[in-house]
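Asker: make a model of this:
(chains A, B, C and D)
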Number of protein chains: 2
Amino acid sequence: MRVPCQACPLRAQPAFHDKPDDQVAFIQAMKTDHLTFAPGDAIIRQGSRSAQLFTLFSGWAFRFKEMSDGRRQILNFLLPGDLVGFQNRMFEESPWGVEALTPVEVCVFARSRIWDLYRGYPELAYDVTWLTAHEESLVDENLLTAGRRSAAERVAMLMMHLAKRVAVLRPAVAAGAPFDIPINQSHIADALGLSLAHTNKTLKALEKRGLFRFAAGRLEMVNPKALARLADYFDQPVGQRPLI
Amino acid sequence: MRVPCQACPLRAQPAFHDKPDDQVAFIQAMKTDHLTFAPGDAIIRQGSRSAQLFTLFSGWAFRFKEMSDGRRQILNFLLPGDLVGFQNRMFEESPWGVEALTPVEVCVFARSRIWDLYRGYPELAYDVTWLTAHEESLVDENLLTAGRRSAAERVAMLMMHLAKRVAVLRPAVAAGAPFDIPINQSHIADALGLSLAHTNKTLKALEKRGLFRFAAGRLEMVNPKALARLADYFDQPVGQRPLI
DNA sequence: CGATCGCTTGATCGCTATCAAATCGTGTGG
DNA sequence: CCACACGATTTGATAGCGATCAAGCGATCG
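Answerer: Okay, here's the model as predicted:
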């Protein structure tokens, strides 16, 4: 627990709503742990009963479901500020897992105090709902992608989506700067419902068309306009979001 | 507005949590309208700014996204008791649409009073979050289906899923009774990310294998065990759910 | 240095899309 | 009652996208 929530560097970012002191103080009081994970670590194990509830403080992770024969689908990527774990009911087996992509820090909250939050801090309660609904909208979009887009469209969509999300936290990316993207081709395959081999070929083809450069853990959007057109990507204006 | 919420026949069903009188009274006070739609009607139009917020009171509907060239993905089916519309931010364009499958009645709530709900009724606020999270888990599962399951597995999954959901409201279905299912093959195709022609062939093949009968708007699960095995379907225990 | 991991590429397969047309049931208007 | 239109379903032929299988490469690592 390096820093008190009142001095949270993530909260200081313009991407997030300002919060009154009492709410931040309550968040601080509700926080029970500050955990660290290494890349590849399971933060939540699918099928486990760990009643985790946390905010991703730093690093990247992803939420996924796995079938009994090993087929895996990434549901969405998790970036700093994302709230995770409210979805599963207390004491029920988690229907999905969460895995770290980079070194990750998470702020763990006491589920036992959720009730205090709803009773004492309706604004925070609303934020929890908002974050849940917002995450659902990401999954909605991913479902459209997996269900109805071609392989090239899927890849274009993912690149646009991730660049957009990173740009919220790092403004230079909005202007087209290359950025670190800690995923490999099998993550892309699992996120898009494609095979690894075909993902590779699609990636190469789009790079050859000059749409982006994706190598060595970095992504540069070379022609975002063309990517947006290819993916039929619609820009939802991004306002500030709540941070819990 | 036929019946006061205190006498709501839906609420009387065992599938839903009992609620203290004051909460039901607040729900009643928040309810501004009781609307009716015909099959095929748009309840929410994708891209519209209607700040709808409602509970499906009777009938079936579905939530979907459409691409600019007409490709459509059904995100999930809506059954009585489902809360819809919290997802989109107030006054923003809805990123998805809702369409009625049968004659539908919805209980419309005043968005302007959401804040009173969060401030005055933390239990209801928690219920809103729970319902949102629960809907997300449905979309999660559908994403796994569209991304990683074969055509036959997808169809098996959908049948299991819908039978399960209907069984909660109509116990006889749990025992294997046939039931009305107001969707046609193009809905199935759009829900599963398949073409219409291939949906038809897959449907026929599974019927020939004796797994279910699907005709004339009715579904009978003939061999649910085999369907569950085929779909790699995992039974989440269904407890009571909140109704708002 | 062997082993492992991620990436790349080619050959082939097959699942699913696409295209086309026929059938059937239903409702409508003449 | 019949003719017709229309939507939903069904079926067949064909094409192609993406999966599968296989192999090789390069970098990193214990």
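Asker: from the chain's centroid, how far away is the helix-or-strand element of chain A with minimal mean pLDDT?
Answerer: Ranked by mean pLDDT, DSSP states H and E, the weakest helix or strand in chain A is helix A:171-174, scoring a mean of 90. With CA atoms, centre = their mean, to the nearest Å as the basis, helix A:171-174 stands 18 Å off its chain's centre.
Asker: restricting to C-alpha, output that helix in PDB.
Answerer: Below are the C-alpha coordinates for helix A:171-174, written out as PDB (Å, rounded to 0.1, in the frame of the first residue of the first chain):
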ATOM      1  CA  PRO A 171      -2.500  12.000 -24.800                       C
ATOM      2  CA  ALA A 172       0.500  11.700 -27.100                       C
ATOM      3  CA  VAL A 173      -1.100   8.400 -28.400                       C
ATOM      4  CA  ALA A 174      -4.100  10.300 -29.600                       C
END
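Asker: and that helix, what does it pack onto?
Answerer: helix A:151-169 (3 or more CB pairs under 8 Å, 6 or more residues apart in numbering or on different chains; DSSP states H and E). No exception for glycine: its C-beta is placed from N, CA and C like everyone else's.
Asker: in the helix it packs on, what's buried?
Answerer: Neighbour-count burial for helix A:151-169, counted by 16 or more other CB atoms under 10 Å in any protein chain shown, picks out A:151-169.
Asker: contacts for stretch A:235-244 next, please.
Answerer: When contacts are defined by CB atoms under 8 Å, 6 or more residues apart in numbering or on different chains, stretch A:235-244 is touched by residues A:8, A:10-11, A:14-17, A:19, A:27, A:55, A:81, A:83, A:109, A:124, A:127-128, A:130-131, A:134, A:164, A:168, A:228, B:89, B:92, B:95.
Asker: within the sheet, what are the partner strands of whichever helix or strand comes after the least confident helix or strand of chain A, with directions?
Answerer: As assigned by DSSP states H and E, the chain's next helix or strand after helix A:171-174 is strand A:179-180. Partners of strand A:179-180 in the sheet, by DSSP bridges, are strand A:218-221 (antiparallel).
Asker: past the strand it pairs with, which element shows up next along the chain?
Answerer: helix A:224-231.
Asker: residue A:50 against residue A:42, yeah?
Answerer: No: with contact defined as CB atoms under 8 Å, residue A:50 does not count as touching residue A:42 (10.0 Å).
Asker: can stretch A:5-18 be said to contact chain B?
Answerer: No: if you take CB under 8 Å from any CB of the partner chain as the test, stretch A:5-18 misses chain B, and the best it gets is 13.0 Å.
Asker: quick check: mean pLDDT of stretch A:24-33?
Answerer: For stretch A:24-33, mean pLDDT is 96.
Asker: ditto for stretch A:4-11
Answerer: Here the average pLDDT along stretch A:4-11 is 95.
Asker: can you give me the strands in chain A?
Answerer: Using DSSP state E, the strands found in chain A span residues A:31-37, A:42-44, A:54-58, A:61-66, A:72-78, A:83-84, A:97-100, A:104-109, A:179-180, A:212-215, A:218-221.
Asker: what pairs with the fourth one, parallel or antiparallel?
Answerer: When you say that, I think you mean strand A:61-66. Partners of strand A:61-66 in its sheet, by DSSP bridges: strand A:72-78 (antiparallel), strand A:97-100 (antiparallel).
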